[in-house]
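K.L.:
Quick one: sequence and predicted model below, then my questions.
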Amino acid sequence: MIFRGRVVQGWIGEICGKVLITKSKISFLGDVDLNTGKIVGTDLDIKGERISSKIFIFQEGRGSTAGSNVIYGLSRGGLAPKLIATRRAELITISGAIFGGVPMISNIDEKIFNFLDNGNEAKAYIRDNEACVEEVSEGQNVPF
Amino acid sequence: MFLSKEEENILDGQKGWILERAMRLLTTIGDLNNAERLVPIKRSQVAGVSYRTVGDPTLHLVEELAREKVKVRTKATQNPAGMDLKRWREMGIPEWFAEKQLRICRAYKRLGVEASCTCTPYLSGNRPEFGEVVGFSESSAVAFVNSVVGARTNRHGGLDALSAALIGKVPLMGYLLDENRTGNVHVKVCFKPKNETDYSALGYYVGKEVETSEVPAYDGIKGASLDDLKLLGAASAASGSVALFHVLGLTPEAKDIGGVFGGDKPKYKLEVTSEEVQSVYDELSTTEEPDLVAMGCPHSSIQELRKIAKLISGRTVKRGIKFWIFTSPKVFEEAKKSGYVSIIRSAGGDVFLNTCMVVEPIEEIGFRCVYTNSAKAAFYIPRITKGKCKSSIAPLRTCIEMCTTS
């Protein structure tokens, strides 16, 4: 199944990586450690996971507006996700992604939250100006 | 989105890479949010200043921008830094941190962003007028200027607020438009707030419950002060993403129940009783003994400082605990002239500028537990310190009773 969204920060070719996915909203300041890329937010289901090199999918940014500087800093430190995908085109996350050069999708199809799990392999590409995310796996993925 | 010839030239790189990136950011945001065009702004609030929260990457970025000699085109003010810019030694801030922090503030200043370092620009010389379009980051300042002042801003991140300040424009979208400013959640307040922390807890609860871009309209609050609304707005902008709220009969765009919802019915009703408020007190509490009582998130107003001076006069701060108040330089000068600062210091407390208990490295200074009247602060402190420092909310009166003797 292909999940589509809008391109915020484009990229060339295919991005492949492991999925890190949560239905939660993320305040990059407070929920993510700038120095390690680890999720430290205590009320998050993905606490303890690292966002670095992942295809990081979440609802949207929330909380601190300095979150954009944290995303930027993660990128400079080589700790940014390979790709960020969110439901909403939220400004804090967008500004961090664009300044940090982190590929980003917004308005991602919300079905993605029911179909993809943490650890799935996925790939992202741009086709006809639309961003696409697809699972890469052998065998069928039964979503329930 | 429509762009003028000049705006297109900037996007094309004709004014250099910095303005090109800033313009690309603003136009991307605008396109994704169906903005018709960009509109000029005269005021900005720039978050992303504390070395503790943004670190070397933002330091290097801002220094690079300063080297390129770009300048903001608005009256722009910086968010709190990670320390009092003059009295950092008295705070216990190490020299290596101070050096980095001063570099950040100086670099922003070279871009033209004033180093008042406060989250309350509206109390500190950068206050918009009713209806004025501005480009603010700092979630608590966005909430206050939108809701209490009736100015118009979207909830910008630190970097897009900076971009908007450099270009002097923001996309015409979101809360700049009349149709997005009406209330759409009817918040029935079914308890009587007893103090400022009750208002903070109320905001915290509502922030968690409502969806982003929903506009709560509070019904049933009588007699809330500006400081109460300041705390309420900051809390709901931290637990959630509330950028605009109305308080029936109190805030400028909420004259009556018909008008506040724009003639439509609200999406749903949210009832808040003392039970829900108690759940916030339960969540934002700890069994640890405090070693710091901290007020000023958002930065204290002159009224709050007067109240603190009145309550603490004649009392003494206990050994083993510090009582610190955080405020902006402008308010500090007023408080000094009025004698409040010397009353607080005579009691053993202190008043610091340019920073706060959230963005300064309190666990490095040595604190392990902070009591505060601000739900926003109590929410962030355990997270930003990665659990090294706990926090609990309690009203000012209770905090003073707890940390002082007569």
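P.N.:
Everything's here; your move.
K.L.:
Now do the same contact list for residue B:63.
P.N.:
For residue B:63, the contacting residues are B:103, B:107, by C-beta atoms under 8 Å, 6 or more residues apart in numbering or on different chains. In this view, the C-beta of every residue, glycine as well, is placed from N, C-alpha and C.
K.L.:
is it true that it lies in a helix?
P.N.:
Yes - the assignment for residue B:63 by DSSP: H, G, I helix; E, B strand; the rest coil puts it in a helix.
K.L.:
any idea how far residue B:163 is from it?
P.N.:
Note on residue B:63: its distance to residue B:163, by C-beta to C-beta, to the nearest Å, is 17 Å.
K.L.:
quick one: contacts of the helix or strand containing residue B:378?
P.N.:
Assigned by DSSP states H and E, residue B:378 belongs to helix B:375-384. Contacts to helix B:375-384, defined as C-beta under 8 Å, 6+ apart, come from residues A:27, A:29-31, A:40-42, A:64, B:52-53, B:140, B:197, B:200-201, B:203-204, B:231, B:234-235, B:237-239, B:280, B:284, B:294, B:297-298, B:356-359, B:362, B:370, B:372, B:389-393.
K.L.:
can you tell me which of these are in strands?
P.N.:
B:294, B:297-298, B:370, B:372, B:390-393 (DSSP state E).
K.L.:
which among those gets closest to residue B:344?
P.N.:
residue B:294 (12.9 Å; C-beta to C-beta).
K.L.:
Look up which residues are beta-bridged to that closest one.
P.N.:
Beta-bridge pairing for residue B:294 (DSSP bridges): residue B:324.
K.L.:
Quickly note the distance from it to residue B:300.
P.N.:
Distance of residue B:294 to residue B:300, given as C-beta to C-beta: 11 Å.
K.L.:
Which residues are in contact with each of these two?
P.N.:
Residues touching both residue B:294 and residue B:300 by C-beta under 8 Å, 6+ apart: B:325-326.
K.L.:
Would you map the strands across the stretch 151-300 of chain B?
P.N.:
With DSSP state E, counting those that start in this stretch as the criterion, the stretch 151-300 of chain B has strands at B:169-171, B:185-189, B:216-219, B:246-247, B:268-272, B:292-300.
K.L.:
With just CA atoms, put stretch A:43-58 into CSV.
P.N.:
The C-alpha trace of stretch A:43-58 is given here as CSV (Å, rounded to 0.1, in the frame of the first residue of the first chain):
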residue,chain,number,x,y,z
ASP,A,43,4.6,9.9,28.1
LEU,A,44,5.5,8.7,24.6
ASP,A,45,5.0,5.1,23.5
ILE,A,46,8.3,5.3,21.6
LYS,A,47,10.4,6.3,24.6
GLY,A,48,13.9,5.0,24.4
GLU,A,49,14.0,4.8,20.6
ARG,A,50,16.5,6.7,18.5
ILE,A,51,15.2,8.8,15.7
SER,A,52,18.5,8.9,13.8
SER,A,53,18.5,7.4,10.4
LYS,A,54,14.8,6.4,10.8
ILE,A,55,11.8,7.2,8.7
PHE,A,56,10.2,9.1,11.6
ILE,A,57,6.4,9.3,11.3
PHE,A,58,4.3,11.2,13.9
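K.L.:
Can you point out the buried residues in that stretch?
P.N.:
Using 16 or more other C-beta atoms under 10 Å in any protein chain shown as the test for burial, stretch A:43-58 gives A:44, A:46, A:49-58.
K.L.:
what's the spacing between it and its chain's center?
P.N.:
Per C-alpha atoms, centre = their mean, to the nearest Å, the displacement of stretch A:43-58 from the mean C-alpha position of its chain is 8 Å.
K.L.:
Let me see the mean pLDDT of it.
P.N.:
Stretch A:43-58 carries an average pLDDT of 96.
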